[in-house]
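Engineer: any chance you can model this:
(one chain, ligands or ions: 1)
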Amino acid sequence: MSVLTLALSKGRIFDETLPLLRAAGIEVLEDPEKSRKLILATNQPDVRVVLVRASDVPTYVQYGGADLGVTGLDTLIEHGANWGGAVAGAGLYTPLDLGIAKCRVSVAVRADFDYASAVRQGARLRVATKYVSIARDFFAAKGVHVDLIKLYGSMELAPLTGLADAIVDLVSTGNTLKANHLVEVERIMDISSRLVVNQAALKLKQAPLRRLIDAFAQATQA
Ligand code: PRP
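Structural biologist: Residues are numbered from 1 along each chain as shown. The predicted structure follows:
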């Protein structure tokens with residue numbers, strides 16, 4: 001029996017993938033918030049879930065550490081940037097927009113920073129972000145000169161400490177920005193999570209993978 005390995009990240013993506021799995025008849029048998037285990041069994045002996053960092057999901061799937069995974073479009077674009085600009089990258093097939101973990105990538109600044117004037121005057125902006133590729137393309141298309149500062153988290157701190165004039169970050173409810181006295185000044189793109197599949201696995205494990213992809217597709221449309 002060949003086992004299907006599904007890569008998920010803890011938090012919103014895991015939580016919002018559970019109902020899709022359930023619709024495909026798959027129940028994850030452990031709660032990642034309670035267990036320290038990284039490989040979770042399911043009620044299907046031929047399906048297991050591995051927990052990885054959100055930004056590692058495309059890497060696991062690309063190299064076959066997992067047969068498929070769920071990852072945000074933001075993560076997929078940043079991953080693809082390392083592979084010559086293709087959205088997914090070599091060896092990855094992205095058959096489905098799952099419509100889950102919806103949010104947006106936006107530009108935010110301190111409430112007292114006049115972003116519109118700075119842009120109008122052609123000022124050089126310092127922008128802190130985890131999403132370097134998305135930010136670079138966005139500001140290049142606008143003709144705004146930026147110095148990008150790569151961060152790995154807590155982006156909201158950057159404008160508050162003088163590290164940057166602006167941030168490019170995910171916004172969902174807007175509560176994090178509000179709590180840190182930042183305002184959203186531009187919406188760059190809408191984000192949702194995608195199913196990513198290893199292309200070699202698609203050939204080797206065609207029948208079980210197709211079944212799962214079709215079940216996800218049906219659950220997504222429901
Ligand atoms: C994201 C993002 C913001 C927050 C926005 O972080 O970086 O901090 O969510 O959500 P809100 O608009 O609903 O307040 P996430 O929780 O994904 O973790 P991260 O800091 O690791 O990116």
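Engineer: got a list of what V197 touches?
Structural biologist: Applying Cβ atoms under 8 Å, 6 or more residues apart in numbering, one finds that V197 lies in contact with V61, D67, L68, L92, Y93, T94, P95, L209, I213. For glycine as for every other residue, the C-beta is placed from the backbone atoms N, C-alpha and C.
Engineer: and the first one, its phi and psi?
Structural biologist: In other words, V61. phi -70, psi -40 (degrees, to the nearest 10).
Engineer: by contact count, what packs against the longest helix along the chain?
Structural biologist: Using DSSP state H to assign secondary structure, the helix with the most residues in the chain is helix 206-221. The criterion is 3 or more Cβ pairs under 8 Å, 6 or more residues apart in numbering; DSSP states H and E, and the helices and strands that helix 206-221 contacts are strand 4-8, helix 12-23, strand 68-72, strand 92-97, strand 193-198.
Engineer: which residues sit against it?
Structural biologist: Around helix 206-221, the neighbours that count as contacts under Cβ under 8 Å, 6+ apart are 2, 4, 19-20, 23-25, 46-47, 67-68, 95-99, 195, 197, 201-202.
Engineer: whichever of those end up buried, select them in PyMOL.
Structural biologist: In PyMOL, selecting the buried portion of the contacts of helix 206-221, with burial taken from 16 or more other Cβ atoms under 10 Å, looks like this:
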select buried, resi 4+20+24+47+67+68+95+96+98+195+197+201+202
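Engineer: give me phi/psi at A108?
Structural biologist: Main-chain dihedrals, A108, degrees, to the nearest 10: phi -130, psi 150.
Engineer: which residues does the residue lying closest to it once chain neighbours are set aside bridge with?
Structural biologist: In space, not counting the residues next to it along the chain, A108 is nearest to L182; the distance is 4.5 Å by Cβ to Cβ, 6 or more residues apart in numbering. Taking DSSP bridges as the rule, L182 bridges to R110.
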